[in-house]
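**Q** no sequence for this one, just the structure:
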């Protein structure tokens with residue numbers, strides 16, 4: 001019987017001495033063989049587990065933060081944890097580039113289609129990406145009883161957002177002739193990379209609209225997600241062309257920092273289509 005290199009020499013073969021024989025030349029041959037046979041094999045080196053992907057880290061942060069909040073606004077520490085993960089997430093982490101077809105659907109006769117890539121949704125939160133071609137518009141809409149994180153992964157985008165205006169300590173808002181007064185929160189251009197925005201149920205620009213100046217990708221986290229049965233219906237709004245005439249003695253805030261909004265149907269030229277997310281998967285263990 002021939003033994004491959006590194007094995008035991010054949011008995012009586014006259015082969016070279018083993019390590020045990022070299023160290024203990026006085027040991028009988030059979031005893032040296034038994035010592036070699038009893039020597040335990042070295043266990044294989046453990047293979048390190050792969051580092052979690054950016055979307056997996058985002059999912060795990062959202063699951064813990066929104067799971068602990070039980071539908072309420074997360075704690076400041078929870079908000080910062082999700083923001084921190086988003087701040088360190090790039091377009092490459094979700095396998096997106098501006099030259100992909102999602103960002104070239106230009107309609108010369110109106111606003112182009114916007115693509116939504118679904119990553120995850122549960123009763124507590126949802127994760128998705130809006131892909132906007134140049135001139136793509138997400139019209140003015142609200143986020144009732146929701147906390148919203150928006151991370152611009154790439155592109156240049158015009159954002160205008162509002163919070164409902166309060167009339168006094170005795171009333172929560174100002175309504176008149178079917179209109180509701182809102183205060184401008186953000187009115188400007190965002191260029192990636194930029195800070196993740198956070199909207200709260202009544203603050204931070206809970207109503208907003210996006211207009212893409214270039215191809216844009218927005219990673220969105222909603223907690224909890226829209227749900228008509230739970231009163232979280234996505235409502236769209238128009239900005240009234242003129243202020244209503246007051247029929248009482250109340251004085252209302254005026255100027256560029258305020259606008260009167262009216263509910264409207266979803267705009268007919270707003271086309272949102274779904275597509276399959278092709279980036280790293282989320283493992284819901």
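**A** Thanks, I have it. Everything quoted here is computed from the prediction, not taken from an experiment.

**Q** Residue 183 and residue 165 touch, don't they?
**A** Yes: in this structure, residue 183 is within contact of residue 165 by CB atoms under 8 Å, at 4.5 Å. The way it works is simple: take the backbone N, C-alpha and C, and place the C-beta from them, glycine included.

**Q** More neighbours: which of the two?
**A** residue 165 (20 against 16; other CB atoms under 10 Å).

**Q** where's that one relative to residue 184, distance?
**A** To residue 184, residue 165 is 10 Å away according to CB to CB, to the nearest Å.

**Q** Check residue 64 too.
**A** 34 Å.

**Q** who touches both of residue 165 and residue 184?
**A** residue 258 (CB atoms under 8 Å, 6 or more residues apart in numbering).

**Q** So which residues of the chain form helices?
**A** Taking DSSP state H as the test, the helices found in the chain are 19-23, 29-38, 54-69, 76-87.

**Q** hmm, who's touching the third one?
**A** Same thing as helix 54-69. The contact list for helix 54-69 (CB under 8 Å, 6+ apart) reads 52, 74-75, 78-79, 81-82, 85-86, 88-90, 93-94, 119-120, 124-125, 127, 221, 223-224, 279-284.

**Q** Would you mind listing the buried residues in it?
**A** For helix 54-69, burial by neighbour count (16 or more other CB atoms under 10 Å) applies to 54-63, 65-66, 69.

**Q** average model confidence for that helix?
**A** In this model, helix 54-69 has an average pLDDT of 94.

**Q** Then the shortest one?
**A** Summarised as a single mean, pLDDT over helix 19-23 is 49.

**Q** ok, now stretch 154-170?
**A** 84.

**Q** for stretch 186-205, same thing?
**A** 94.

**Q** So what touches the longest strand seen in the chain?
**A** Longest strand of the chain, by residue count under DSSP state E: strand 179-191. Residues outside strand 179-191 that contact it (CB under 8 Å, 6+ apart): 152, 156-165, 167, 173-175, 197, 204-205, 207-208, 213, 240, 244, 252-253, 256-262.

**Q** got a list of what the closest residue to residue 221 other than its chain neighbours touches?
**A** Among residues not flanking residue 221 along the chain, residue 149 sits closest, at 4.1 Å (CB to CB, 6 or more residues apart in numbering). Shown in contact with residue 149 (CB under 8 Å, 6+ apart): 82-83, 86, 196-198, 220-221.

**Q** sorry, back to before: which of the contacts of strand 179-191 fall within strands?
**A** Judged by DSSP E, those include 152, 156-164, 175, 197, 207-208, 258-262 as members of strands.

**Q** If any of the residues you listed are buried, give me the ChimeraX selection for them.
**A** This is how ChimeraX selects the buried members of the ones in strands among the contacts of strand 179-191, with burial counted by 16+ other CB under 10 Å:
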select :152,156,157,158,159,160,161,162,163,164,197,207,208,258,259,260,261
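
**Q** Looking at the contacts of residue 149, state which has the most neighbours.
**A** Neighbour max across the contacts of residue 149 (other CB under 10 Å) = residue 221, 28 neighbours.

**Q** where's it relative to residue 174, distance?
**A** 30 Å.

**Q** okay, residue 146: pLDDT?
**A** 95.

**Q** Quick check: closest non-adjacent residue to it.
**A** Per CB to CB, 6+ apart, closest to residue 146 is residue 222, 5.6 Å.

**Q** same deal with residue 88?
**A** residue 54 (7.0 Å).

**Q** before we move on, what about residue 210?
**A** Per CB to CB, 6+ apart, closest to residue 210 is residue 138, 4.3 Å.

**Q** With residue 140 instead?
**A** Leaving aside its sequence neighbours, residue 140 sits nearest to residue 209 (CB to CB, 6+ apart; 4.1 Å).

**Q** give me the beta-bridge partners of that neighbour?
**A** Beta-bridge partners recorded for residue 209 (DSSP bridges): residue 160.

**Q** and it, what does it touch?
**A** 137-141, 159-161.

**Q** give me that answer again for 10 Å
**A** Residues in contact with residue 209 (CB atoms under 10 Å, 6 or more residues apart in numbering) are 137-141, 158-162, 236-237, 239.

**Q** buried set for stretch 181-188?
**A** Under 16+ other CB under 10 Å, the buried positions of stretch 181-188 are 181-185.

**Q** pLDDT averaged over stretch 100-107 - what is it?
**A** 81.
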